[in-house]
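Participant: Turn this into a model:
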Amino acid sequence: MSPVPATRPTDGDAADPAVGEPAVHPASELVRRADQQRWADVRPHLAAMEVVVDALQGRTDGAVLVVGGPDAAPWSTILAGQWPGLRVSTVQLPDDASTTHARLTVEGPFDLVVDASDEDGNDQALLFQRVFMHLRRGGEYVARRLVPHPVEDSAATPGPEALLLQRLSASLTASDGGTRIAVDDALPNENLPPEAAYAGDLWGLVAAALEARTRDFHDDRVEAPAYRDVEGLGRSLEQVHVHSKVLRVVNGVRVAPKLREAEVDAVLAGRPELGERLDALPPVTWTATCAYDVNREADPYIQSRLAVPEMVLRRYDAPTCSRGQIVTRDDILFPETFRQSWMERIANVYVVERAPRFGTVRRDISAPDELPGAWFHLDSEWPGHFGHLMTEQLSRMWAWERVRELEPDVKVLLTLQHDREPAVLAPFEIDILGAFGITPDDIHVFTAPCRPERLYTSTGMFSLPRFVHPSMAAIWDRVGDHVVASAEKRERPRRIFVSRRPSLKRSCHNVAEVEAFFVDRGFEVVHPEDHPLAEQVALFRAAGTIAGFAGSGLFSLAFCRTPKRVFALGPDAYTARNEYLISALRGHDLTAVRSRSDLEHPEGSWTQQAFASSFTFDLDDEGRFLAERLDRADSLGPLSRRRG
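Facilitator: Numbering: from 1, shown residues only. Sure, this is the predicted structure:
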């Protein structure tokens, strides 16, 4: 795309030296059509028409999007009249952001966006953020004018750096009118808090992105979540021109829309070549009846009423799958890519963030291996880990039998840790999947991007920290019963302490003292990894009281058909609440004992470093609390008898 000339006629017509008479500029016809429309403010000037004509020169088809306020309608009318072969769509700021995103994913990518904003500079910037990355590579964004953002208290308009800081200090509100995280999920697990809406005008946003380009996309002054979106926009800008009052921005890359569960079915309906919605379980809301106690004033990650969304079975036709749960086709990132697709900003470590609703896959997936036939998607962002298999991956197995009815020869598709040698299934993986009649021969462990002919996917019934579906209990029962059948028949301890060896994350510095504390109270110390899964399940089912360090070592609580007394020890910065969701469904009485982490999360934020931080168990403080709770449990007798 050639740059817009620095100057061009804006009044009258240029002389044609070959004919000697004035030449009629193609934009004149648009001006004539504009004169026939009613405009909310002032009809567009010739310069805006000229830039639009340049963008559409020689086109007989294509897709154009008109955004803005009341003037979006007349703009759409004159463009459709001048280029009848164009598909013209419109978006206004009050339109629901999620519904709009799904619709534009169906109708796009667009060749041209015409910005007819006429009222508020911040609205214009928010519209730009919503639609710019729906442009194809080389597509153009044309704003007929730059609407200024009103400046309060007569201060000077803030520059890009100040605008970034404004975003950091703003209150946590939904960024574009999308779904807001509930109050009881104020700090989401394994992600950043929701970001504030952009406060500024369109030129300030574009200028900040241009400044980012001059700094090699790294800014030592502002290490903040807001900067990644400025960086993402900066990486997408190919050209920026201002002609008269007209802004023209050319998109240099094609990025992928990220789709949520609530959006993908509309996209499949609009583009049936991508796949099909096949079946669903209705949403359900239920109340946890388990007892929960914690040595803190409150736990913001705990909710007693669990709202579980609709569970959907889908089939995608010829998608590309890549390591880390990636499922994509035609520059669309399907919701199966994201472990927590209910989050305000869905993310995956294998996806480069471009904007709240857009990203690009980190790996080269341009030449995937072809996989004929039917496949069931069981990959994970964190593959090969017992905890993620027990919760997120197993929670999709509710649809397995239905898929086998549709495709008796269906096989399973997943990955393992990239450094696992040899790259074969571990015994615990074979045991768990064996409960569903799945053998290692039924599983394809892929290491390079692949393209299954038909890929079946299902919504996960377990998603931290928000919900677990009541039907998850039947899945855990099926696995537990299958696995424990091979365990040795013998007496096992009634009290076990599930310990954790030193590692790179969440190590307890005084683990020997903690183990001694529990041994003195009649607990037997166990390390689950030292036993086959059958023995682990048998140990958990036999015990009446189970204590241990929070994490996957305690996840066999899910296999317990009868309630247990549970004591989970962990650092404050470890925000996962797997033990609570498991206990909520299984009816365990859970006592959480939190210790101060070596590294805490920044106030109002979340970091991976703090999440993995180690800690020291305070025997004087946490120890006293724990001893009181253990003594109280002893006085009440066995839990199952008390409830029976």
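Participant: Just the buried residues of the helix or strand where Glu238 lies, please?
Facilitator: Taking DSSP states H and E as the definition, one finds Glu238 inside strand 237-243. By neighbour count with 16 or more other Cβ atoms under 10 Å, strand 237-243 contains the buried residues Leu237, Val240, His241, His243. C-betas here are computed from N, CA, C, even on glycine.
Participant: Skip ahead from that strand and say which helix or strand is next.
Facilitator: strand 246-251.
Participant: other SSEs contacting the helix or strand following that next one?
Facilitator: Using DSSP H and E, the next helix or strand after strand 246-251 towards the C-terminus is strand 256-257. Counting contacts by 3 or more Cβ pairs under 8 Å, 6 or more residues apart in numbering; DSSP states H and E, strand 256-257 is packed against helix 97-107, strand 332-333, strand 358-361.
Participant: immediately after strand 256-257, which helix or strand?
Facilitator: Past strand 256-257, the next helix or strand by DSSP H and E is helix 261-270.
Participant: May I have whichever helix or strand comes after that following helix exported as PDB, CA atoms only?
Facilitator: Following helix 261-270 in sequence order, the next helix or strand is strand 275-281 (DSSP H and E). As requested, the backbone C-alpha atoms of strand 275-281 are provided in PDB (Å, rounded to 0.1, in the frame of the first residue of the first chain):
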ATOM      1  CA  GLY A 275     -17.200 -27.000  12.700                       C
ATOM      2  CA  GLU A 276     -20.400 -27.600  14.700                       C
ATOM      3  CA  ARG A 277     -22.000 -27.500  18.100                       C
ATOM      4  CA  LEU A 278     -23.200 -31.000  18.800                       C
ATOM      5  CA  ASP A 279     -24.500 -31.400  22.400                       C
ATOM      6  CA  ALA A 280     -24.700 -29.600  25.700                       C
ATOM      7  CA  LEU A 281     -25.400 -29.900  29.400                       C
END
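Participant: Now strand 275-281: buried residues?
Facilitator: For strand 275-281, by 16+ other Cβ under 10 Å, it's Gly275, Leu278, Leu281.
Participant: try stretch 440-458
Facilitator: Residues Ile443, Val445, Phe446, Pro449, Cys450, Arg451, Pro452, Arg454, Leu455, Tyr456, Thr457, Ser458 are the ones in stretch 440-458 that count as buried (16+ other Cβ under 10 Å).
Participant: tell me, how many neighbours does Glu336 end up with?
Facilitator: Residues near Glu336, counting by other Cβ atoms under 10 Å, number 26.
Participant: quick one, what contacts it?
Facilitator: Glu336 is in contact with Gln325, Val327, His377, Thr457, counting by Cβ atoms under 8 Å, 6 or more residues apart in numbering.
Participant: so which of those residues comes closest to Ala318?
Facilitator: Val327 (11.5 Å; Cβ to Cβ).
Participant: Doesn't the closest one lie inside a strand?
Facilitator: Yes. Applying DSSP: H, G, I helix; E, B strand; the rest coil, one finds Val327 inside a strand.
Participant: And it, how close does it get to Arg314?
Facilitator: From Val327 across to Arg314, the span is 10 Å (Cβ to Cβ, to the nearest Å).
Participant: do the same with Ala558
Facilitator: Taken as Cβ to Cβ, the span from Ala558 to Arg314 is 26 Å.
Participant: for Asn251, same thing?
Facilitator: As for Asn251, its distance to Arg314 is 30 Å (criterion: Cβ to Cβ).
Participant: now swap in His588 and tell me
Facilitator: 33 Å.
Participant: What of Asp631?
Facilitator: For Asp631 relative to Arg314 (Cβ to Cβ), the value is 52 Å.
Participant: do Pro528 as well
Facilitator: Where Arg314 is concerned, Pro528 sits at a distance of 35 Å (Cβ to Cβ).
Participant: can you check Asp96 too?
Facilitator: According to Cβ to Cβ, Asp96 stands 22 Å off from Arg314.
Participant: The two - which one has more neighbours?
Facilitator: Arg314 (26 against 12).
Participant: can you map out the helices along the stretch 451-600 of the chain?
Facilitator: For the stretch 451-600 of the chain, the helices defined by DSSP state H, counting those that start in this stretch cover 472-484, 511-519, 533-542, 578-586.
Participant: ranking those helices by burial, who's on top?
Facilitator: helix 578-586 (a mean of 25; mean count of other Cβ atoms under 10 Å).
Participant: what's the spacing between Ala307 and Ala288?
Facilitator: Counting by Cβ to Cβ, the gap from Ala307 to Ala288 is 12 Å.
Participant: who's more crowded, the two?
Facilitator: It is Ala288, of Ala307 and Ala288, that has more neighbours when counted by other Cβ under 10 Å, with 18 against 13.
Participant: how about Leu104, what does it touch?
Facilitator: Contacts for Leu104 were tallied using Cβ under 8 Å, 6+ apart; they are Leu65, Ser89, Val91, Phe110, Val131, His134, Pro257.
Participant: and which of these is nearest Arg420?
Facilitator: Relative to Arg420, the closest of those is Pro257; by Cβ to Cβ it sits at 32.7 Å.
Participant: Grab the nearest non-local neighbour of that closest one.
Facilitator: Among residues not flanking Pro257 along the chain, Thr105 sits closest, at 4.6 Å (Cβ to Cβ, 6 or more residues apart in numbering).
Participant: gap between the one you found and Met133?
Facilitator: Distance of Thr105 to Met133, given as Cβ to Cβ: 11 Å.
Participant: Touching both of these two, which residues are there?
Facilitator: Joint contacts of Thr105 and Met133 (Cβ under 8 Å, 6+ apart) are Pro257.
Participant: Can you show me the CA trace of stretch 75-91 as CSV?
Facilitator: Provided in CSV are the C-alpha atoms of stretch 75-91 (Å, rounded to 0.1, in the frame of the first residue of the first chain):
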residue,chain,number,x,y,z
TRP,A,75,-21.3,6.6,5.8
SER,A,76,-22.5,3.0,5.3
THR,A,77,-25.1,4.2,2.8
ILE,A,78,-22.7,6.1,0.6
LEU,A,79,-20.1,3.4,0.6
ALA,A,80,-22.6,0.7,-0.3
GLY,A,81,-24.0,2.9,-3.1
GLN,A,82,-20.5,3.7,-4.5
TRP,A,83,-19.2,0.1,-4.3
PRO,A,84,-22.2,-2.3,-4.5
GLY,A,85,-19.9,-5.3,-4.3
LEU,A,86,-18.6,-4.5,-0.9
ARG,A,87,-19.9,-6.1,2.3
VAL,A,88,-20.5,-3.2,4.6
SER,A,89,-20.9,-3.7,8.4
THR,A,90,-21.3,-1.2,11.2
VAL,A,91,-20.3,-1.1,14.9
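Participant: That one: which residues count as buried?
Facilitator: Residues of stretch 75-91 classed as buried: 75-80, 82-83, 86, 88-91 (neighbour count, 16+ other Cβ under 10 Å).
Participant: same question, stretch 41-59
Facilitator: Residues of stretch 41-59 classed as buried by neighbour count (16+ other Cβ under 10 Å): 43-56.
Participant: Rebuild these as CSV, extending it with secondary structure and pLDDT.
Facilitator: Formatted as CSV, the buried residues of stretch 41-59 follow (DSSP: H, G, I helix; E, B strand; the rest coil; pLDDT from 0 to 100):
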residue, secondary structure, pLDDT
Arg43, coil, 81
Pro44, coil, 81
His45, coil, 83
Leu46, helix, 87
Ala47, helix, 89
Ala48, helix, 89
Met49, helix, 90
Glu50, helix, 91
Val51, helix, 92
Val52, helix, 93
Val53, helix, 92
Asp54, helix, 91
Ala55, helix, 92
Leu56, helix, 91
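Participant: In CSV: those residues, plus distance to Pro335.
Facilitator: As requested, these are exported to CSV (distance: Cβ to Cβ, whole Å):
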residue, distance to Pro335
Arg43, 43
Pro44, 39
His45, 44
Leu46, 45
Ala47, 43
Ala48, 38
Met49, 41
Glu50, 42
Val51, 37
Val52, 36
Val53, 40
Asp54, 38
Ala55, 33
Leu56, 34
